[in-house]
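[1] got a predicted structure here, sequence first:
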Amino acid sequence: MVPRALTSVVVAAILYAGVAGAISLHAAQDATTPATSLANALPPDADGEYIFKNNCATCHGPDGKGSPQSVVGFDVPLPDFTDCPTNTVEPFGDWNSVIHRGGPIRGLDHHMPAFGDALSDAQIESVVKYLWSLCDNPAWPRGDLNFPRAFFTEKAFPESESVWTTGISTSGPKSIGNDLVYEHRIKQRSQYEITIPIEFQQTTPSGWVKGLGDVEFALRRSFIANLEHSFIFAAGGAVTLPTGKDEVGVGEGVTVWEPFAMFAKGIGANGFVQVHGGYMASSNRTNVENSTYLRQAWGYTYAQDHGFGRAWTPMAEVLWSKESHGGPNVVDVVPQMQVSLTKLQHILLSVGVSVPATEREGRHPQFLTYFLWDWFDGGLFQRK
Ligand code: HEC
């Protein structure tokens, strides 16, 4: 069984290396966007709308829906800024980068010119705010409230993405756990999610068991999304079914009902804290006791190249859980680093290690990695 388990790790490594390689290869091929001659001389008090009408409307259309090919003279489809899902999904930094540096900085078409020399930072900010106003339904939470994903502390923002997380224990009984998570946003504020665990565990020096663990279904809704105070709150519930083979240690063999809530708050321009708490109610408390958990993640995003380039997010999580009826306080600390692999920022890699801080007897550090694909934003094999 060991070779099978190792194979999955090797495949993961090759995949990561391949994606990263394709991206750096692509970076070298990007044509630089010519400095635009489109920016008109603007009066000093020009607001976002004025700037848009004078510099952007030729291509993006006076209403922001995009001009037809017959007007722009190229066949790249223009975004519809009045479409709320399109309008709200990107955080400020992405559009700010595209307007400063042109389409290619975020893997978009080179027909989108760079305005960094023609417009001031404040003018670019005011035009982004004007673009935001073209979505007239405030129920859509802004992408700025979509803070980076930690390993255990779940997000309050509704997402459409797939995540493959691998955890490897190398000390104590060896194990490799893979979680395949599929998240699907429903309308403005809701999301459903399916988690499929595939586990490999060493039971004897030469024997491994492997198999499907306990599959989880979850539903959540973001009840508060406040951009002004950079705050988002969500709540929901999950059920975990005993689909695993608990007799050999894969899965727990019980059904677990889990109400949970999470919030996140931006700190300054690039920092954040996320908190996620819940209760796990087991269908068979003799085998698995009920428990309460509280998780938090602190982090800071740093983007290379004056804020326009690759994003790095170091984070630290503190995880606490306690079984009902006097169980001990179980605490783990999880330092980690997330990095964007593509210019579109839609494929992300994270690596970390979970270290037991209490109850260390029989608990071992676990190496963690995830590979995240935000499929709303772009294809998996779209290299930009
Ligand atoms: C010469 C035509 C042209 C002009 C002028 C132009 N754009 Fe664009 N813009 C494009 C094209 C084409 C795209 C889409 C590229 C793609 O999808 O690959 C784009 C994309 C964008 C995006 C990214 C949208 C997304 O979905 O992520 C933003 C933001 C944007 N433009 C803002 C502006 C602003 C603001 C101005 C004026 C200051 C402007 N554009 C002027 C052609 C133009």
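    All right, it came through fine.

[2] shouldn't Ile176 be in contact with Pro197?
    No. If you go by Cβ atoms under 8 Å, Ile176 and Pro197 don't touch, sitting 11.0 Å apart. From N, CA and C alone the C-beta is placed, and that goes for glycine too.

[3] tell me the residues of the protein that contact the ligand?
    Contact residues, the chain versus the ligand (Cβ under 6 Å from any ligand atom): 38, 55-56, 58-60, 72, 76, 78-79, 86, 90, 95, 98-99, 103, 108-109, 111-113, 115, 127.

[4] in ChimeraX, how would I select the buried members of those?
    The buried residues among the residues of the chain next to the ligand can be selected in ChimeraX (16 or more other Cβ atoms under 10 Å) with this line:
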select :55,56,59,60,72,78,79,90,95,98,99,103,108,112,113,115,127
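
[5] can you report how many residues neighbour whichever residue of the stretch 201-350 of the chain sits closest to the ligand?
    Residue nearest to the ligand within the stretch 201-350 of the chain (Cβ to the nearest ligand atom): Leu344, separated by 8.8 Å. Counted with other Cβ atoms under 10 Å, residues neighbouring Leu344 total 19.

[6] confirm that it sits in a helix.
    No. Counting by DSSP: H, G, I helix; E, B strand; the rest coil, Leu344 falls outside a helix, being coil.

[7] look up phi and psi at the closest residue to it other than its chain neighbours.
    Spatial nearest neighbour of Leu344, chain neighbours left out: Gly107 (4.1 Å); criterion: Cβ to Cβ, 6 or more residues apart in numbering. Note on Gly107: its backbone torsions stand at phi 70, psi 20 [degrees, to the nearest 10].

[8] same check on His100?
    Given degrees, to the nearest 10, the pair of backbone angles that His100 has is phi -70, psi -50.

[9] residues near it, how many?
    Counted with other Cβ under 10 Å, residues neighbouring His100 total 18.

[10] OK, contacts around the closest residue to Leu180 other than its chain neighbours?
    Of all residues not flanking Leu180 in the chain, Ile196 sits nearest, at 4.6 Å (Cβ to Cβ, 6+ apart). By Cβ atoms under 8 Å, 6 or more residues apart in numbering, Ile196 lies in contact with 179-182, 212, 215.

[11] kindly export the host helix or strand of Ile196 (C-alpha atoms) in CSV.
    Ile196 is part of strand 190-204 when elements are defined by DSSP states H and E. What follows is strand 190-204, C-alpha atoms only, in CSV (Å, rounded to 0.1, in the frame of the first residue of the first chain):
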residue,chain,number,x,y,z
SER,A,190,-25.4,31.2,-0.1
GLN,A,191,-23.2,28.3,-0.8
TYR,A,192,-23.3,24.5,-0.6
GLU,A,193,-20.3,22.3,-0.2
ILE,A,194,-19.3,18.7,-0.5
THR,A,195,-16.2,17.3,1.1
ILE,A,196,-14.9,13.9,0.0
PRO,A,197,-12.0,12.5,2.2
ILE,A,198,-9.7,9.8,0.8
GLU,A,199,-7.5,8.4,3.5
PHE,A,200,-4.4,6.3,3.7
GLN,A,201,-3.3,5.1,7.1
GLN,A,202,-0.4,2.9,8.2
THR,A,203,-1.7,0.2,10.6
THR,A,204,1.3,-2.1,10.9
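
[12] note down every partner strand of it and its orientation.
    Strand pairing for strand 190-204, using DSSP bridges, gives strand 175-186 (antiparallel), strand 207-212 (antiparallel), strand 216-226 (antiparallel).

[13] worst mean pLDDT among these?
    Mean pLDDT is lowest for strand 207-212 out of the strands paired with strand 190-204, coming in at a mean of 90.

[14] which of the residues in it are buried?
    208-211.

[15] dump those into CSV; add distance to Arg363 as well.
    Formatted as CSV, the buried residues of strand 207-212 follow (distance: Cβ to Cβ, whole Å):
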residue, distance to Arg363
Trp208, 20
Val209, 20
Lys210, 22
Gly211, 23
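
[16] nearest to Gln188 among the residues you listed?
    Comparing the buried residues of strand 207-212 against Gln188 with Cβ to Cβ places Gly211 closest, at 38.0 Å.

[17] and the residue nearest to the closest one when sequence neighbours are not counted, what does it touch?
    Nearest-residue entry for Gly211: Val250, 4.6 Å, with adjacent residues in sequence omitted and distances by Cβ to Cβ, 6+ apart. Counting by Cβ under 8 Å, 6+ apart, Val250 touches 199, 201, 209-213, 244.

[18] again, only this time at 7 Å
    Neighbour list for Val250: 199, 201, 209, 211, 213, 244 [criterion: Cβ atoms under 7 Å, 6 or more residues apart in numbering].

[19] same question, Thr243
    Thr243 neighbours (Cβ under 7 Å, 6+ apart): 212, 214-215, 251.

[20] same check on Gly211?
    When contacts are counted by Cβ under 7 Å, 6+ apart, Gly211 touches 199, 244-245, 250.
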